[in-house]
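J.: For reference, the sequence and a predicted model appear below.
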Amino acid sequence: MSWIKARRRHPAAGYAVVLLGLVVIGLGYAAIAGSGSAAYAAPRGGPSALDIAKGRALFSDTCSSCHGLNAQGTSAGPSLVGVGAAAVDFQVSTGRMPGKDFDAEMPRKPVIFTLTQIHQIADYIASLGGGPAIPSAAQVSPVGADVALGQQLFITDCAQCHNFSGAGGALTYGKSAPSLDRSTPTQMYEAMQTGPEAMPVFSDTTITPAQKRDIIAYVTAVRAEPNPGGFSLGRVGPVTEGLVAFLGGIAILVFAAMWLTMRRRQV
Amino acid sequence: MSETNGSHWDLPPDGAEQAEPRGPYRVIGTPPPAQARTLLGDADSTAEVVVRELPAGPDDPRKAKGAERIVVALFTISLLASIAFIVAYVALPLHSLDGVFRSNLALGLSMAIAFGAVAMGAAIWVKVIMPHVELVEARKPLASTADARAAFAKTFTEGAEASGFAKRPMLRRTLIAASAGLALAPLVVLRDMGPLPGTSLRHTVWRKGMRLIVYGPNTPLRPADFAVPGQMITVVPDGYQDNLDVLAKATTIIIKFAPGQLVPNTPQRYGTQMNWTVDNIVAYSKICTHVGCPVALYEETTHNILCPCHQSTFDATRGAAVIFGPAARPLPQLPLGTDAQGYLIATHDYYEPVGPSFWERG
């Protein structure tokens, strides 16, 4: 401690303390924020009995401890009978399943299965009956869709949670609506159909398949918008901008004030 | 340095003699020496005012030489940045988004450097090149002399009499009336900012038989189209989908529940009006009862409706009762039914005013 004692009155000591504080805050935020990776799931042809058997084996190994040996559900996880292949594909291709931490929600994380394995599990769950199928590439393609109607639907029924540009936002009790930046068109379509976690269901009879494509077209079109410059800060609006201006601006002002009022050392 | 000047009350521990030009030591937050406290000079003061010599040169001439070069460089940089600003403003094209981006970047950066370099140069100039000494400036009394005051009073009285302001009451009174008129005109304009709202805050356009249509595609809904529990959608009154003034109050969300999830209203406990629902489909106003934000962050798992503005949270199973946040009232529930073709309709307007509370709401 004598090392610190000897230097704490050094003119640079104040800067060092402020800098250290900023670094600690920055690293702490980075540790909390975390990250994951994207996966793209493409649909394919009809399932065979072999696929279903393989899917069942994968299910028994990795899913059944929570969802039950016959997908009937346990106290740790819901029944998957009737949820359909689309729900399985969404949950597993975004890495949300198999779940790791039983927290407020299952976050997007690296995918542990191959595309084929995901489809085999989905085929097994679909074979138990009911539920929406994995949409085809044509069903989810934003090409030729009505972006304007998609925007109207998105800002009416999606933007409250996912933000106007799909950047996501907070919900109650630690839950959050995820950013749509890394969602594939297939995943968006499946999410609307199945309503994963806290998200409501937007069934085909309420938001038709064509309108779902319009919404997907809007989200992907927003993503392709040119950046008008500056730091985007997640494009979530004034909250982050204010926070950065507040923390960054205050830090700069503190440094400036310290420099201006600093006394030269007594020689 | 002597005790008589009264400005040194905390001498540096050592080297007091050569610390002379640095001025008196003061601890931040303590009152200044008594002499410096007298802002208004005291004419009768016998206090000795010590006039301190301002040193001609800087504290450390060698350092000042280096600092001078830095300041000159900073001022030159500022000038160059200002020239760069002008060049960027004239030269950079704005015809594309990329062009705007480059122009904004160049203008902002050059202006920041131009201002910042001058500020930094000035600060270094003051800190290093200027000598450091605290000076006490003696001030004369602020009050004018008795003679001057008497002369002013005399002039004022003479002027007032010559103008006739006191002698001609009609002139005086009409001038005052004219001033009052000038103040009155803007008041009348303020008064006329629009008609009073009357009873319009208490009603929306919903009425018996009006269909609920999905906002956007503007399609009506049958209960069978909205059959999956956990569904939620924004609906508006049929025929008013393009009237934003109407939608500001009438916009509604409908939510589908599984059988048994809705908690019925009873005299003992606030809940959902079950006879206003159709097949466990319930309709609530989308306008938050706090300050009127669109409230539609519906969580299928908890059945909470969250308002994004101030986190008011409503329980959709119990008549949208407030469970958290600043909202004071539940979201009003819209009575639902079906028409002859089986489409969802309203059976009445909202029975209570939608949106934020207002003074006469009761």
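T.: Received it, and whenever you're ready, just let me know what you need. All of these numbers come straight from a predicted model, not from anything done at the bench.
J.: quick one: low-confidence parts of the stretch 1-150 of chain B?
T.: B:1-53 (pLDDT under 70).
J.: okay, now the closest residue to chain A within it: neighbour count?
T.: Relative to chain A, the nearest point of the stretch 1-150 of chain B is B:F101 (3.8 Å; Cβ to the nearest Cβ). Where you see a C-beta, it was placed from the backbone N, CA and C, and this is true even at glycine. The local packing of B:F101 (other Cβ atoms under 10 Å in any protein chain shown) involves 15 other residues.
J.: same deal with B:L94?
T.: Neighbours around B:L94, by other Cβ under 10 Å: 10.
J.: and if you look at the one 3 residues further on?
T.: Residues within reach of B:L97, counting by other Cβ under 10 Å, total 13.
J.: so how many other residues sit close to the nearest residue to it once chain neighbours are set aside?
T.: Spatial nearest neighbour of B:L97, excluding adjacent residues (Cβ to Cβ, 6 or more residues apart in numbering or on different chains): A:P226 at 4.9 Å. By other Cβ under 10 Å, 10 other residues sit near A:P226.
J.: Name the residues of the helix or strand containing the residue of the stretch 1-150 of chain B closest to chain A that are buried.
T.: Assessed by DSSP states H and E, B:F101 sits inside helix B:97-124. Judged by neighbour count (16 or more other Cβ atoms under 10 Å in any protein chain shown), helix B:97-124 contains these buried residues: B:100, B:102-104, B:106-107, B:110-111, B:113-114, B:117-118, B:120-121, B:124.
J.: need the strands for chain A, in chain order.
T.: A:169-170, A:176-177 (DSSP state E).
J.: Now tabulate those in JSON lines and tack on distance to B:T204 and mean pLDDT.
T.: Below are the strands of chain A laid out as JSON lines (distance: least, Cβ to Cβ, whole Å; pLDDT from 0 to 100):
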{"stretch": "strand A:169-170", "distance to B:T204": "28", "mean pLDDT": "83"}
{"stretch": "strand A:176-177", "distance to B:T204": "29", "mean pLDDT": "88"}
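J.: Would you tell me which one of these is buried the most?
T.: strand A:176-177 (a mean of 20; mean count of other Cβ atoms under 10 Å in any protein chain shown).
J.: what's it in contact with?
T.: Strand A:176-177 is contacted from outside by A:E105, A:C161, A:H162, A:N163, A:G168, A:G169, A:A170, A:L171, A:A198, A:M199, B:L297, using Cβ atoms under 8 Å, 6 or more residues apart in numbering or on different chains.
J.: May I have the strands that pair with that strand, each with its orientation?
T.: strand A:169-170 (antiparallel) (DSSP bridges).
J.: Run through who's touching the strand it pairs with.
T.: A:C161, A:H162, A:N163, A:S176, A:A177, A:V236, B:P308.
J.: go with 10 Å
T.: Applying Cβ atoms under 10 Å, 6 or more residues apart in numbering or on different chains, the contact partners of strand A:169-170 are A:159-163, A:176-179, A:236-237, A:239, B:297, B:306, B:308, B:311.
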